[in-house]
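> Next comes the sequence, and after it the predicted model I'd like to discuss.
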Amino acid sequence: MDELKKVILDYVAKEYLEEGDDRQIGEDTPLITGGIVDSFSMVSLKRFLERRYSIQIPDAEATPQAFDTVTSIAELVKKFTKT
Amino acid sequence: MAYSTKAREWYQGELVNLRGQGLFKEERFIHAPQGADIEVEFPAGNPVKKVINLCANNYLGLSSHPDVVAAAHAGLDHRGYGMSSVRFICGTQDIHRELERKLTDLLGTEDTLLFPSCMDANAGVFEAVLSEQDVMIADRLVHASIVDGMRLCKAMQDTFKHSDMGHLEEKLAEHQDKRFRMVITDGVFSMDGDIARLDEIVRLAETYDAMVFLDDSHASGFIGKTGRGTQEHCGVLGRIDVITTTLGKALGGASGGCVSGRRELVEMCRQRARPYLFSNTVAPVIVSGALKVLDLISMTTERRDKLEANAKYWRKLLTDAGFDVKAGESPIVPVMLYNAKLAQDVARDLFTEGIYVVGFFFPVVPKGQARIRTQLSAAHEKHHLDTAIRAFVKVGAKHGILGLSKSQIIEKFGM
C-alpha cells in the first residue's frame, strides 16, 4: 500500500471507528455504503486531506461515491495534487 | 401530460426497490385516542385489534389527558381554530407569548420562540445565528432534523464521536481560529436512549469558548428531578445557550416546538429563521392545551416519577427475561436484535400477541444495530408491563434469543 493510502486509512480508523469497534478496514472497504462513515461526518476527512496535502477539493467532486473507499479517496487527492 | 410514463415507471421502480430492501414504511391506522391501550387496524383493511402501545413518545401520558383536552376545547372557544397567518403578520395571540414565557421558566433560559415543530426549529436555528466564520461541532448521533439544519447553515460543519469527550476536546482545540464555536448535542438520544454528558460538554465549552446547543425533545418534562430536562439532570441549568424542544412528545404530544435560550439568539431566530418567518403560527387550540400541560407538570412531579419507576421496572423485566437491553436510565429502552429481518419478525409477532412496537434498522440506526425500541409512559400501569413481558418472552423463545449475548445473536442470525 502506498503512503497516501496509508495516511487515509489511519485517519479513517482513528476518526470514525468507535472504541471497541473491531471492524477491519482495507483500501477497498466500502466506507459510506458500508456504514462506517456517514456523509455528514465525511466533511472532516475532506478538510484533513485539504490541509495535509495543501489542495482544494471542490464540493461537487467530494461526493459520497468518491469518498467510498480509501482507493477512490486516494484517486481524488491525486487528481487535485499539483505535480 | 407532464407526468410521463418514463417518470411514473422510474418512481414505481424506486418504490419496489424500497420494498425489496425492507425499507418500505407503512402506516398503521389507530382507531382511538393516543394512550397505553389503543385499537389498531393493521395491515389496512384488517379488523381493528386492541394492543398495548409501547412505541409512543407519550412519556407523561398527557396526550389524551382530560384536563388537556378540556383546555384545548376552551382554547378553541375563546381563541378560535386557526390564525391564517405567520406569527409576525397577525398570527401572535396573547396565549402564544404566555406559552413562550412558561417554556422559558421550565427550561431555565432567557427567552423562547415557538415554531410549528421542533423539526422546523432545528431546520432554522443554525442559519439564523451562525455564518461562514463559525463552526458547528455535532455529536454523530444527533437527530436527523439537526443534520438538515446544519446543512442549511453556511458555518463549517464538524462532528465528534458519540459522547466522546476526548474527541470533542480535540475538535474544540482544532477550531480555535473560528469566530464562534457551537457544540451540538441531543439531551436524550432517541435511538439508544442514553443521556448526553452535558455537564462535561458545558465544562469543555466554557474552557474552549464555545456555545452549547441542546435538543431536549426526548427529555423536556420528565428528565431531571423536576422534569426540566437534561440540563437539570446534569446540573447545568441556566448554562445552555440554545435549547430546542418539542410539544409533540411529553408536553401534550400534539405538535409545535421552540427555540429557547440566550435572549439575542432567540431574537435572531425571530428575525431570520425561515421556518418561523414563512410557516403558519401554532394553532390556538394547541397552545391552549400546551399551557395546561405546563400547569399540570409544574404542580407535581408525580407523572415523571411514575414514568421513571415504569422504565426501571420494564428494564428489569426485560433483563431478567434474558433480552439484550441497551443500558441507560431514560424511558427509551432498546431491545437489541442486531439483524434487521429478526427485528421486523419480532415486531410482527409481538403485534400478533397484542403488543405494538416497531423494529428499527439501517439507515435509521447503524448497520448491524437493528433493534426494537420500546418507550415507556406514565400512562402505563404495572399490568400493561406484566402483560407485555409475557408476550416478549413468548416471542423471544420462539426465535430462540432469550439469554443470548450480542455475539451469540449475531452468530445465529447474522448482522
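It's in. Numbers count the residues shown, from 1 in each chain, chains lettered A, B, ... in the order given.
> How about chain A: which residue is closest to chain B?
A:Gly35 (3.8 Å; C-beta to the nearest C-beta). Where you see a C-beta, it was placed from the backbone N, CA and C, and this is true even at glycine.
> ok, that residue touching B:Phe362?
Yes - A:Gly35 is within contact range of B:Phe362, at 6.4 Å (criterion: C-beta atoms under 8 Å).
> list the residues that contact both of these two?
Residues touching both A:Gly35 and B:Phe362 by C-beta atoms under 8 Å, 6 or more residues apart in numbering or on different chains: B:Gly368.
> if we can go back for a sec, what separation is there between the residue of chain A closest to chain B and B:Ala340?
To B:Ala340, A:Gly35 is 12 Å away according to C-beta to C-beta, to the nearest Å.
> cool, A:Ala74 as well?
A:Ala74 sits 32 Å away from B:Ala340, going by C-beta to C-beta.
> again with B:Leu247
From B:Leu247 to B:Ala340 the distance is 32 Å (C-beta to C-beta).
> now do A:Thr29
From A:Thr29 to B:Ala340 the distance is 20 Å (C-beta to C-beta).
> So for the two, which sits in the more crowded spot?
B:Ala340 (24 against 16; other C-beta atoms under 10 Å in any protein chain shown).
> give me every residue that touches the residue nearest to that one when sequence neighbours are not counted.
Counting by C-beta to C-beta, 6 or more residues apart in numbering or on different chains, B:Ala340 lies nearest to B:Phe361, which is 3.6 Å off, once chain neighbours are set aside. For B:Phe361, the contact set (C-beta under 8 Å, 6+ apart) comprises B:Gly22, B:Ala340, B:Ala343, B:Gln344, B:Gln369, B:Ala370, B:Arg371.
> Report the separation between B:Phe361 and chain A.
Distance, B:Phe361 to chain A, using C-beta to the nearest C-beta, to the nearest Å: 11 Å.
> Which parts of the helix or strand hosting A:Ile8 count as buried, going by neighbours?
Assigned by DSSP states H and E, A:Ile8 belongs to helix A:3-16. Within helix A:3-16, the residues scored as buried using 16 or more other C-beta atoms under 10 Å in any protein chain shown are A:Leu4, A:Lys5, A:Val7, A:Ile8, A:Leu9, A:Tyr11, A:Val12, A:Glu15, A:Tyr16.
> give the contact list for the closest residue to chain A within the stretch 1-150 of chain B.
For the stretch 1-150 of chain B and chain A, the shortest gap (C-beta to the nearest C-beta) falls at B:Val147, measuring 5.2 Å. Applying C-beta under 8 Å, 6+ apart to B:Val147 gives the contacts A:Phe40, B:Ala138.
> so what pLDDT did it get?
Predicted confidence (pLDDT) for B:Val147: 95.
> how about the residues of the stretch 151-300 of chain B that lie near chain A?
By C-beta under 8 Å from any C-beta of the partner chain, the residues of the stretch 151-300 of chain B that approach chain A are B:Met156, B:Gln157, B:Asp158, B:Thr159, B:Lys161, B:His162, B:Asp164.
> Could you rerun that using 7 Å?
By C-beta under 7 Å from any C-beta of the partner chain, the residues of the stretch 151-300 of chain B that approach chain A are B:Gln157, B:Asp158, B:Thr159, B:Lys161.
> Quick check, the third one in contact with B:Met136.
No - in this structure, B:Thr159 sits apart from B:Met136 without contact. The criterion is C-beta atoms under 7 Å, and the distance is 9.1 Å.
> can I assume the residue of chain A closest to chain B sits in a helix?
No - per DSSP: H, G, I helix; E, B strand; the rest coil, A:Gly35 lies outside any helix segment and is coil.
> Just give me the neighbour total for it.
A:Gly35 - counted by other C-beta under 10 Å - has 16 other residues nearby.
> Ok, B:Gly289 next?
29.
> Surely it is in contact with B:Ala70?
No - if you go by C-beta under 7 Å, B:Gly289 and B:Ala70 don't touch, sitting 9.2 Å apart.
> where does B:Lys178 land in three-state SS?
Classified using three-state DSSP, B:Lys178 is coil.
> Now for the residue nearest to it when sequence neighbours are not counted: which residues touch it?
In this structure, B:Lys178 finds its nearest non-sequential neighbour in B:Val135, 4.4 Å apart by C-beta to C-beta, 6+ apart. Listed by C-beta atoms under 7 Å, 6 or more residues apart in numbering or on different chains, the contact set of B:Val135 reads B:Ala155, B:Met156, B:Asp158, B:His175, B:Lys178, B:Arg181.
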